[in-house]
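Participant: Predicted model, plus sequence, below.
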Amino acid sequence: MVRPGMLRRRGAQAAAVLALGAAVVLAIAAVVSARAAPQAHPAAPPAGPLRASRAPAGPVDVSLAASHVSPAATPVSMAVHGTLAAGTGAASLKEGGAYLWSTATGKVTAILPDPAPSAGIGPVAFSPDGTTLAEGGANGTISLWDITAGKVTATLATPASASALAFSPDGKDLAEDTGGRLGPAYVWDIAARKITATFTDVNNPYGLTSVAFAPDGTTVAIGEATGAIVLWDTRTGKVTAGPSDPESESGTWVGAIAFGPGGTMAAGYNGGKTYLWDAAGTLTATFTDPAVHRGGFTVYGLVLALWFSPGGTTLTIGDGAGRTYLWRITR
């Protein structure tokens, strides 16, 4: 039987993810049943980037504005920046490489080959300006691609294979989640090619699943395979509890996290649900993957990518079937 950790680690075990089937559904059920166990970080008032002096913003209206399908289906990992998407794990790419496509036209714009022999399939992340793509390899490397030139400009040799990546708001640092039961997660100074902070403050049977920098550039939100999110202050090492899945039956791990304007935060889960919280930590909106809603739960409903437009008026959500949905947010 496929264990939950196998799906979460999108590297060497990618073939198992693409196979899916009944074993994955059973694995997800196993994780759900384990959620009754005590968590390492009990619920606590939101802190850090989610704290605000103003009152909660209250509910917002959301509407689906557009949807698109990837030309290379079932990515294991996915990232979105504007109308550009990147994915790894397409069957056509075999054991490595990434493809880029336009979510507006559905056309592939570039294929980035495996940068190293047997690098395997790993996570991807766009830089804030959308010109660089970070791609993690199962061989313990992170390749930084110049998208326009189609070449690797830098390689980071990591202590462990990455399972999730995220750039800082200024593009100078890179957060890496290795997916282990105890972590670790790292923050890299890209120019110096060195790790500047290490996170090991999680202890659950299923590990870490996603990572995102808050707008302050020093707080990193880390998603766990229990549906919880912790907020890590990389300067002090302090860890506080963030929002958690408000519907325990809707998902068991956090597939993607993104911060929007004004301290808002979105998190997507493997049940096809994405939630939006305001800066005070109040739930203001819920997004449901339309395909999952129509056809019932499938692992394709795992949310892999989130991207806020600069003004926060839209949220793009990418799922495990390679679909992207553009949601309009009205306050």
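Facilitator: Nice, thanks for sending it over.
Participant: Quote the end-to-end distance of stretch 308-321.
Facilitator: 20 Å (C-alpha to C-alpha, to the nearest Å).
Participant: I'd guess Val292 is in a strand, am I close?
Facilitator: No: counting by DSSP: H, G, I helix; E, B strand; the rest coil, Val292 falls outside a strand, being helix.
Participant: wait, isn't it in contact with Gly272?
Facilitator: Yes: counting by C-beta atoms under 8 Å, Val292 does reach Gly272; the two are 3.3 Å apart. To be clear about C-beta, it is placed using only N, CA and C from the backbone, and glycine gets the same treatment.
Participant: which ones are touching Thr316?
Facilitator: Val80, Thr103, Ala305, Leu306, Trp307, Ser309, Thr324, Tyr325, Leu326, Trp327 (C-beta atoms under 8 Å, 6 or more residues apart in numbering).
Participant: I figured the first one hits Trp307, correct?
Facilitator: Yes: the pair formed by Val80 and Trp307 meets the contact definition of C-beta under 8 Å, at 4.2 Å.
Participant: what about this protein, any weak spots by pLDDT?
Facilitator: Along the chain, the model assigns pLDDT under 70 to residues 1-58, 71-74, 90-96, 117-120, 180-183, 203, 248-251, 293-301.
Participant: could you pull out the helices for it?
Facilitator: Using DSSP state H, the helices of the chain run over 4-8, 14-19, 22-34, 290-295.
Participant: first to last residue in stretch 78-97, what's the distance?
Facilitator: Per C-alpha to C-alpha, the first residue of stretch 78-97 is 12 Å away from its last.
Participant: thinking again about what came up before, keep only those of the contacts of Thr316 that are in strands.
Facilitator: Cross-referencing those against strands under DSSP state E gives Val80, Ala305, Leu306, Trp307, Thr324, Tyr325, Leu326, Trp327.
Participant: May I have the beta-bridge partners of the fifth one?
Facilitator: Meaning Thr324. Here Thr324 sits in beta bridges with His68, Gly318, as judged by DSSP bridges.
Participant: Report how many residues lie close to it.
Facilitator: Per other C-beta atoms under 10 Å, the neighbour tally for Thr324 reads 24.
Participant: Repeat that for the fourth one.
Facilitator: Residue neighbour count, defined by other C-beta under 10 Å, stands at 25 for Trp307.
Participant: Contact partners for it?
Facilitator: Counting by C-beta under 8 Å, 6+ apart, Trp307 makes contact with Val80, His81, Gly82, Ala258, Leu315, Thr316.
Participant: Just among the contacts of Thr316, which is most surrounded?
Facilitator: Leu306 (27 neighbours).
Participant: which residue sits closest to that one, ignoring its sequence neighbours?
Facilitator: Ala258 (3.7 Å; C-beta to C-beta, 6 or more residues apart in numbering).
Participant: Tell me the spacing between the nearest residue to Ile317 once chain neighbours are set aside and Pro243.
Facilitator: Distance criterion C-beta to C-beta, 6+ apart; nearest residue to Ile317, sequence neighbours excluded, is Tyr325 at 4.9 Å. Distance of Tyr325 to Pro243, given as C-beta to C-beta, to the nearest Å: 21 Å.
Participant: Show me what the residue most central in space within the chain is bridged to.
Facilitator: Nearest residue to the geometric centre of the chain (C-alpha atoms, centre = their mean): Ala256, 2.8 Å. Applying DSSP bridges to Ala256 gives these bridge partners: Gly268.
Participant: Now do the same contact list for it.
Facilitator: Ser210, Ala212, Gly223, Ala267, Gly268, Val303, Leu304, Ala305, Leu306, Gly318.
Participant: do Ala157 as well
Facilitator: Contacts for Ala157 (C-beta under 8 Å, 6+ apart) come out as Gly140, Thr141.
Participant: picking up where we left off before, considering the ones in strands among the contacts of Thr316, which is situated nearest to Gly122?
Facilitator: Ala305 (14.4 Å; C-beta to C-beta).
Participant: So for Gly322, what's the nearest residue that isn't a sequence neighbour?
Facilitator: Closest residue to Gly322 apart from its sequence neighbours, by C-beta to C-beta, 6+ apart: Ser70 at 2.9 Å.
Participant: Report how many residues lie close to that neighbour.
Facilitator: 22.
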